[in-house]
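>>> this one's sequence-less:
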């Protein structure tokens, strides 16, 4: 069977031939190899795992989940993990067929139409900038408990207080300067820092889990207690924010495809393995924290989170050493997220889709890195981090907004992919496509349609849940309506800004779609 396409709807993925080199595969999409292809399987895994950064995000958002959901919020973790595994399975299929930087933008455009793909990429890259800011702000959760000298602004170090929020902004600025420097140095330096950091994070997470489970204060039945605020359903909906924030970014392995060896084979596996590993470790950290906490009712677990558990249950010495490992994880996560965002900017600019595309698409011949996108992502993230100086509510607003943005961008991929499946325009069996080693590409086969459909339903539900303007979550003190509606307003402003750009300057170029060409006008399915 042959499916033909018109000039505005790109065809389904081409069936690559066995034996084609990595650079040759990229050339079939109309791109010249400019980024340095030096990443192996572990480095690709590290790209996805470090974006997720289970230590960074669990420590950053444990207190939020517990304060609203009580111990029962633990059960939101497996629910979100299953939902994200459905999304990751769809992404794994796409990573095998489109091994191109700027994965979300490239995948969405080739599955739908250029305009839709452009907005998906635009939302994703803005969302990644917000995630960089949110990750950098997480240093406030771990550094002051290690040493009071890290509280540069005197007063309460809790991120939800005025002094804690202001200090978080200052620490974030310092970290962003460092990660931006690494992102413009060299691909090998960035990859080495990533690998070392991820290894330290995995070892640290395993040690924390073991130590927590050897210092338990209560039985596992505590996870059935509600507690928290409001009713059970409302508590679980807000409690799920913790898992939703942690389990994102696994697509980074796809973002780094042009720097990965054998990407058609490597990226799909590392997308899934990074998410599964983070999911297992994160679930154990949550359970261990609940079981080892000195008290569930003194209020400290809802304000200080896991940092309080470590220093109280394990002692200052061991607790602070482990918190130092968490600080490393925060730093590496910020670096990885900034790298992914810069690759998205580079990919869209290479296709002439953004303002100042010529500068954004330039790759340094010395370092093999697109340095201008790294500077842009770092600078914008720093500006967002400074919102923390305005009010402590910015901490939660920035965190949940970045999750909602990424969930919306993920929907921009899974939804058109589902439409392709419903129209019979997606391979359901081995169509002859092979990876660089001559093996069949990763495929969901007959499970593709139900997995894809459930991924879309899950994505829609969570996007609405994250964006819902709950005053108790986003503006608990009252008087800051703009924080209550921050996510809705930010998404709306992002779409409006994109529409203005397309109408004034980018519509003609954006209508051309991604890349220089598709390798084939028709594909066997």
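Looks like it arrived, so ask away. What you see is a predicted model; the values in this text were computed from it and never measured. Residues are numbered from 1 along each chain as shown.
>>> I'd say residue 441 and residue 434 touch.
Yes. Counting by C-beta atoms under 8 Å, residue 434 is a contact partner of residue 441 at 6.8 Å. For glycine as for every other residue, the C-beta is placed from the backbone atoms N, C-alpha and C.
>>> mind showing which ranges of the stretch 151-300 of the chain have poor pLDDT?
226-231 (pLDDT under 70).
>>> A helix includes residue 442, no?
No. Read with DSSP: H, G, I helix; E, B strand; the rest coil, residue 442 is coil and lies in no helix.
>>> quick one: secondary structure of residue 384?
helix.
>>> what pLDDT does the residue nearest to it when sequence neighbours are not counted get?
Excluding the flanking residues, the one nearest residue 384 by C-beta to C-beta, 6 or more residues apart in numbering is residue 133, at 3.9 Å. If you check residue 133, the pLDDT there is 92.
>>> for residue 133, what are its contacts?
Contacts for residue 133 were tallied using C-beta atoms under 8 Å, 6 or more residues apart in numbering; they are 172, 381, 382, 384, 385, 398, 402.
>>> Nearest residue to the last one in space, please, no chain neighbours.
It stands for residue 402. Nearest non-adjacent residue to residue 402, counting by C-beta to C-beta, 6+ apart: residue 130, 3.7 Å away.
>>> same thing with residue 51?
The shortest distance from residue 51 to any non-neighbouring residue, by C-beta to C-beta, 6+ apart, is to residue 249 (3.0 Å).
>>> So that neighbour sits against residue 56, correct?
No. If you go by C-beta under 8 Å, residue 249 and residue 56 don't touch, sitting 10.6 Å apart.
>>> Please identify which of these two sits among more neighbours.
Taking other C-beta atoms under 10 Å, residue 249 and residue 56 do not tie; residue 56 has more neighbours (31 against 27).
>>> and the gap between the more buried one and residue 494?
24 Å (C-beta to C-beta, to the nearest Å).
>>> do residue 453 as well
According to C-beta to C-beta, residue 453 stands 27 Å off from residue 494.
>>> Those two: which is more packed in?
residue 494 (20 against 15).
>>> which ones are touching the nearest residue to residue 161 once chain neighbours are set aside?
Nearest residue to residue 161, sequence neighbours excluded (C-beta to C-beta, 6+ apart): residue 392, at 5.8 Å. Residue 392 is in contact with 159, 160, 161, 162, 164, 165, counting by C-beta under 8 Å, 6+ apart.
>>> So the residue nearest to residue 51, which state does it fall into?
Going by three-state DSSP: residue 249 is coil.
>>> so who does it touch?
Shown in contact with residue 249 (C-beta under 8 Å, 6+ apart): 48, 51, 52, 53, 131, 336, 337, 340, 406.
>>> Same check on residue 135?
Residue 135 touches 53, 56, 57, 330, 333, 334, 337, counting by C-beta under 8 Å, 6+ apart.
>>> ok, now residue 27?
Residue 27 sits in contact with residue 33, where contact means C-beta under 8 Å, 6+ apart.
>>> Please enumerate the strands of the stretch 1-150 of the chain.
Here the stretch 1-150 of the chain has its strands, by DSSP state E, counting those that start in this stretch, at 2-4.
>>> Phi and psi next, for the residue most central in space within the chain.
Ranked by distance to the mean C-alpha position of the chain (C-alpha atoms, centre = their mean), the top residue is residue 249 at 2.4 Å. For residue 249, the backbone dihedrals are phi 90, psi 0 (criterion: degrees, to the nearest 10).
>>> Also the one 5 residues further on?
Dihedral angles of residue 254 (phi, psi; degrees, to the nearest 10) stand at phi -70, psi -40.
>>> Now the terminal residues of stretch 469-476, how far apart.
Using C-alpha to C-alpha, to the nearest Å, the end-to-end distance of stretch 469-476 comes to 12 Å.
>>> shift numbering so it begins at 7
Happy to do that; since the first residue is 7 now, the last one works out to stretch 475-482.
>>> what comes up buried for it?
476, 479, 480, 481, 482 (16 or more other C-beta atoms under 10 Å).
>>> how about low-confidence regions in this protein?
7-30, 232-237, 434-439, 441-443, 511-531.
>>> how does it look with 50?
Scanning the chain for pLDDT under 50 picks out 7-15, 17-25, 522-531.
>>> related to what we said a few turns ago, against residue 102, how distant is the residue nearest to the centre of the chain?
Note on residue 255: its distance to residue 102, by C-beta to C-beta, is 19 Å.
>>> try residue 462
20 Å.
>>> out of those two, which sits in the busier spot?
Shown here are residue 462 and residue 102; by other C-beta under 10 Å, residue 102 has more neighbours (27 against 21).
>>> List the buried residues of the helix or strand harbouring residue 244.
Residue 244 belongs to helix 238-252 when assigned by DSSP states H and E. Neighbour-count burial for helix 238-252 flags 240-252 (criterion: 16+ other C-beta under 10 Å).
>>> Okay then, goodbye and thanks.
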